[in-house]
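A.B. asks: Here's a sequence, model it:
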Amino acid sequence: MPLWAVLIVVAVVAVGSAGAGGVLGGSLGVQQGAPPEETSSPKLNTDLPSDAPSRAPDTVAGVAQRVSPSVVSIQDGGTTMSGNGSGFVIENDHVVTNNHVASALESGEMEVAYSNGKTSGAGIVGTEPDSDLAVLRLEDPLDVQPLEFGASDDVTVGDEVVAIGAPLGLAGTVTSGIISAVDRPVRLGEDSPGQGTAISALQTDAAINPGNSGGPLVDAQGRVIGVNTAIATMGGSAGRQSGSIGLGFAIPSAEVEGIVDDILSGAGEDGEDGSGSEDGQAQIGVVLDDSYDQGARIASDQEAGGDAVEPEGPADQAGLQPGDVIVRFDGRDISDADTLIRLIGEYDSGDRVEVVFERGGERNTTDITLGSSTD
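C.D. replies: Model prediction:
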């Protein structure tokens, strides 16, 4: 393996100040697939600025002109910080963004800034940390066209994409590229071995930099096919994060739409304090060895810094032990820890699945009833 491959890491482009106008954020993009059979123009009909030159609606310029008014910068209203992340407006004056954007600003005076410079106060309706998603409610919204969700399942490698967001506080920045992979296992926000949010992401080579987190990935009709949340990076100097190397990752809209609905349905009458699914994200209650690549190896207690198998958790009840290597999960081969985490995320807590694991050179089979991250 070449040295550069070893040095590449996947990182949530977290929110934070890096000096005047400098911030850390996420990613963003837009897919230009074939238009629907029964329409030749985008459904999104946001009025263009009076001085904007006319462009065909299915071009990068045309999509950017119509989508940009509905994309916002999310910032701390109590400072001069120029931007912390991005988001996009959906119906009823709500904004979708990343949890790591919203949570970093939760204690301050959060506000959003539109592409025309108008600002509005904002509050958190609810979050789903397991999927790195959040919904905000605007206090003084601007009348813009809400963005609609598209079908991320229809996205394929090679589809053209465009990114719109606020990298380094530079609101309204537009970049373009292609979808370079689908169903890419990505681990976010790791604080300890085998932990962190896992997503099956859309991968794009559109330039994504700190400040883009939470922005929309849209198709040629202006429909959201993903929410960008992380980039791969070669690393940077101490305390700093490097920029785009052409590997960005977005949460597919097929997942986003359901979680946003859960958050909104859990909000109170005042529109605040919503939450994601009451069941949380499915889990098996183990700490995995990230360095092992011949299956998903359960770490030792010493490596985990505690119980590698949660006492009375799903794996414990199924008879799994530290050092066991999970090689198949519900009939699907497991190559490493990330693959297992991604697959578990496709199931609901309470689901019962068959697991094949190796112990002492022998293969064994057991059934696991998945637990919940909220347990």
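
A.B. asks: CA atoms only: put the helix or strand harbouring residue 230 into PDB for me.
C.D. replies: Using DSSP states H and E, residue 230 sits within strand 224-233. C-alpha atoms of strand 224-233 as PDB (Å, rounded to 0.1, in the frame of the first residue of the first chain):
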ATOM      1  CA  VAL A 224     -32.100  17.200  -3.400                       C
ATOM      2  CA  ILE A 225     -30.400  13.800  -3.700                       C
ATOM      3  CA  GLY A 226     -28.100  14.100  -0.700                       C
ATOM      4  CA  VAL A 227     -26.800  16.200   2.200                       C
ATOM      5  CA  ASN A 228     -23.000  16.600   2.200                       C
ATOM      6  CA  THR A 229     -21.200  15.900   5.400                       C
ATOM      7  CA  ALA A 230     -17.600  14.800   5.100                       C
ATOM      8  CA  ILE A 231     -14.400  14.700   2.900                       C
ATOM      9  CA  ALA A 232     -11.400  12.500   2.700                       C
ATOM     10  CA  THR A 233      -8.200  14.400   3.400                       C
END
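
A.B. asks: Point out the other helices and strands that the helix or strand following it packs with.
C.D. replies: Counting by DSSP H and E, the next helix or strand C-terminal to strand 224-233 is strand 248-252. In this structure, strand 248-252 makes packing contacts with strand 197-204, strand 224-233, judged by 3 or more Cβ pairs under 8 Å, 6 or more residues apart in numbering; DSSP states H and E. Glycine gets a C-beta too; all of them are placed from N, C-alpha and C.

A.B. asks: between the ones you listed, which gets nearest to residue 335?
C.D. replies: strand 197-204 (14.0 Å; Cβ to Cβ).

A.B. asks: List the buried residues of the closest one.
C.D. replies: Using 16 or more other Cβ atoms under 10 Å as the test for burial, strand 197-204 gives 197, 198, 199, 200, 201, 202, 203, 204.

A.B. asks: Distance to residue 115 and pLDDT for the residues you listed - can I get that in JSON lines?
C.D. replies: Converted to JSON lines, those look like this (distance: Cβ to Cβ, whole Å; pLDDT from 0 to 100):
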{"residue": "197", "distance to residue 115": "29", "pLDDT": "63"}
{"residue": "198", "distance to residue 115": "33", "pLDDT": "70"}
{"residue": "199", "distance to residue 115": "28", "pLDDT": "77"}
{"residue": "200", "distance to residue 115": "31", "pLDDT": "84"}
{"residue": "201", "distance to residue 115": "26", "pLDDT": "90"}
{"residue": "202", "distance to residue 115": "24", "pLDDT": "92"}
{"residue": "203", "distance to residue 115": "27", "pLDDT": "93"}
{"residue": "204", "distance to residue 115": "22", "pLDDT": "90"}
